[in-house]
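Below is the structure, and that's it, no one-letter string:
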């Protein structure tokens, strides 16, 4: 990584080589994006494309790490917002959709500071992944070339200083690229500082895995699930998969627990929820839910579609739980494992009684996120897509650990609840973030909508 | 939407239930028959109140011929038990017979006897050849020989009347001697197929010659078999309701699950009768429902039923139709109420499959979202519409316009489209609608309804996505258009017929009291 005071005159350094070929890629394909990163020198001066957190020194044609520019605005955008803890601060990553600025922030109930990490390309910037550990905070996004970038900073460090790099190895060129990223990805850090990134390969439509044990090691690429490796009664047919061809690995959620990794994801071909578990350097994949729970009893004609927006969490005893959307039934489900078998319960059926006693169907469960608080209470945030409200649910504990779910609308002002995320900290409490879209006359906003960050501390703005 | 035929082919249920589909699918705008489950059951928690003669069907004499033809697609099925002939030195056994003979045509003529009509039904066979096995057993051997009994012409005739059985009235050969089946043959010929040494090596000891025995055996078999052929009830083919049936609304959404209970029986007096024009069937119908949560919590209060009137022979002749089916308009309205209460009108968002497989998607570029100021929304290419009833509909026949006037107060439409990969509701609109439904006869196996015009009133249009409210006029035009998009082509009437029959709709006519569907083989 480039150091703050170090001028990047590194013709012999590996970093320099890496930056040069990155420059080539972006110059050829996305010159405008390159221009906006801060190098205002014409391309003929061989100014390299500078990674996020650095700027080009025109006279020397080199990149130098600089403090990030501060983002000043009355309101913050909330596109693709993600949360992570950093000591007593909450780290927020989000995108301003009009300028395509990738923003990173450090927030407490009383303070907030946001900086512009990078201006994203024209195509990329639909999703972000953010993770933190005791030592570092890490953010991932997809660039316009289909390669992931990760930016890191030390835990507790200033928000102005992030170091970015491409998720690829030194000897890779665009011609022999080993993967093709998509906006379906997630990120985790393990206890030893290893970085793990799962994603759906946009060409193969398979779920793949990139990992690096430390910043000096190379990225390792593996395939977690190609959709065909599963056997058993719950697995849908090869013919079905070849007909639909949407692939596996949609909306993956990756969690590190102890020495193990878990990834929950949607199988779009078959409409299933799948779970991958990395044990002994190998991925084991199982089908958690096929959505057929009442197909037989209700004689529904088609197999159900479940498992969108899956979210993994572990309770204090290390028991895994999943929350996800049952697409067919427009509801939110909660799955817990007992003796290796998942049992499901309905968190929110998406049925509401209106003023004339009619039961109205609401499509709920988009952007579902699950966590356990310090009392082992499962908490879920999600979106009601019918009313476009931000919702939450937590389970009231009975003596046997079971209990009914208490549902609550957290925010009902305008279309809100996109990219919902949450975290829980014993000191800060329950923090929820989401995007609100504000209809705006004229075309000065992307999609006729302004993006606003909704940030709630224990239910309060 | 899966067509009725497709559904019927995939669902192995009794023909009796077919008649119910017609009612439910009409009474529930846009309800796909694939979302209905039929089940025979005891049904009502309260005793059903039968509505007299709510459904009426008339089959012309030529229609009866066609129905007989339709009910015997494999021809005339004959079955004969063996006939044993014992001689001192051998045992001879004729038969058994089991064969299908091609039918040239059926003829059904009215028969009047002291003012009561019955039907003279005759079946002409085309140069039938009946193959008779003969088993000859001697002390030392057994030989099976084959003979052919052929006729230049053969016809079987009988008087058919209505019999009342434990299973209800059916058509059958009358009990009096003059009703009995009779056979007329011309040019009978008997010959051996191949060698039959065991029969011809020894003298024939029987009083009657073998050829005569064979001819009598075949003719007796033909007459006995005619009983079953003439008895084959064409009513089942027409799917008349003669039991209590539950039609469950199948849905992934629990608030849409309800049931419609329909009970039908032939009217007590003259439920099934022959008359001058043909066969007339009159049915009493009772309705009930198990309310779905999505339905309006309203008491059902439809107009009292009036019996469906007779269908004139002139109308059948005008359309060259074999069959006429009359459904009283109040019955249709009651069915619409019951079906609405049972959840059949709560529609949309139930197909979660990708767009290219999804039955419910419509392209977003036809929605004219710019009229609502939503042109800049970055939405996906497909939209979906959910329909919900805020009240019960009314139906009224407009004879002068030959259409049905459907009035539906507080009908709700939700328009959904994808934003950020999620199907979100863009617009919610509630309006009182009125529309004229013109029956069409150009859809195989179904009667479609073309929406003539849609009128909307009392619009409440809400959207969290609009920066500014559209003008009243724009909202009205847009809502009318959306209603048209949502409902056009969704209202159809599957025929109450076995899909394997060749009956097709050749016309419809509205009367003040009923909708008449005209059908031809």
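Yep, that arrived. Bear in mind that the values here come from a model prediction, so they are computed numbers and not experimental data. Residues are numbered from 1 along each chain as shown, chains lettered A, B, ... in the order given.

and residue 107, what are its bridge partners?
Picking chain A for this. Taking DSSP bridges as the rule, residue A:107 bridges to residue A:90, residue A:112.

hmm, I had chain B in mind actually
Bridge pairing for residue B:107 - DSSP bridges - gives residue B:122.

Kindly report the same for residue A:394.
residue A:379, residue A:406.

From residue A:405, how far off is it?
Residue A:394 is 7 Å from residue A:405, where distance means Cβ to Cβ, to the nearest Å. Every C-beta, even on glycine, is put in place using the N, C-alpha and C of the backbone.

Who has more neighbours out of these two?
Legend: neighbour count by other Cβ atoms under 10 Å in any protein chain shown for residue A:394 and residue A:405, higher for residue A:394 (21 against 18).

For the more buried one, list the residues it contacts.
By Cβ atoms under 8 Å, 6 or more residues apart in numbering or on different chains, the contact set of residue A:394 is A:373, A:377, A:378, A:379, A:380, A:405, A:406.

let's go with 7 Å and repeat that
Residue A:394 makes contacts with A:377, A:378, A:379, A:406, as judged by Cβ atoms under 7 Å, 6 or more residues apart in numbering or on different chains.

and the gap between it and residue A:426?
For residue A:394, the distance to residue A:426 - Cβ to Cβ - is 16 Å.

circling back: grab the two from the contacts of residue A:394 that are most spread out in space.
A:378 and A:406 (11.1 Å; Cβ to Cβ).

wait, isn't residue B:76 in contact with residue B:124?
No: with contact defined as Cβ atoms under 7 Å, residue B:76 does not count as touching residue B:124 (10.1 Å).

between these two, which one's more packed in?
residue B:76 (20 against 16).

so that one bridges to which residues?
Assigned bridge partners for residue B:76, using DSSP bridges, are residue B:101.

Repeat that for residue A:254.
residue A:263.

nearest residue to residue A:161 other than its sequence neighbours?
Closest residue in space to residue A:161, ignoring its immediate chain neighbours: residue A:153 at 5.9 Å, by Cβ to Cβ, 6 or more residues apart in numbering or on different chains.

ugh, wrong one, I meant residue B:75
residue B:100 is the one closest to residue B:75 (Cβ to Cβ, 6+ apart), at 4.4 Å.

For that neighbour, grab the count of nearby residues.
12.

quick one: it from residue A:150, how far?
For residue B:100, the distance to residue A:150 - Cβ to Cβ - is 78 Å.

ranges for the helices of the chain?
Chain wasn't specified; assuming chain A. Using DSSP state H, the helices found in chain A span residues A:14-29, A:31-36, A:238-244, A:295-298.

nope, chain B
B:4-10, B:18-27, B:61-71, B:197-200, B:210-231, B:234-238, B:313-318, B:329-341, B:472-487.

least reliable of these going by mean pLDDT?
Among these, helix B:4-10 carries the lowest mean pLDDT, a mean of 27.

hang on, the earlier thing: adding distance to residue A:369 and mean neighbour count, write the helices of chain B out as JSON lines.
Below are these laid out as JSON lines (distance: least, Cβ to Cβ, whole Å; neighbours: other Cβ atoms under 10 Å in any protein chain shown):
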{"stretch": "helix B:4-10", "distance to residue A:369": "41", "mean neighbour count": "18"}
{"stretch": "helix B:18-27", "distance to residue A:369": "42", "mean neighbour count": "25"}
{"stretch": "helix B:61-71", "distance to residue A:369": "62", "mean neighbour count": "22"}
{"stretch": "helix B:197-200", "distance to residue A:369": "91", "mean neighbour count": "15"}
{"stretch": "helix B:210-231", "distance to residue A:369": "69", "mean neighbour count": "19"}
{"stretch": "helix B:234-238", "distance to residue A:369": "58", "mean neighbour count": "20"}
{"stretch": "helix B:313-318", "distance to residue A:369": "66", "mean neighbour count": "16"}
{"stretch": "helix B:329-341", "distance to residue A:369": "39", "mean neighbour count": "26"}
{"stretch": "helix B:472-487", "distance to residue A:369": "34", "mean neighbour count": "18"}
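
Which one of the ones you listed lies nearest to chain A?
helix B:4-10 (8.8 Å; Cβ to the nearest Cβ).
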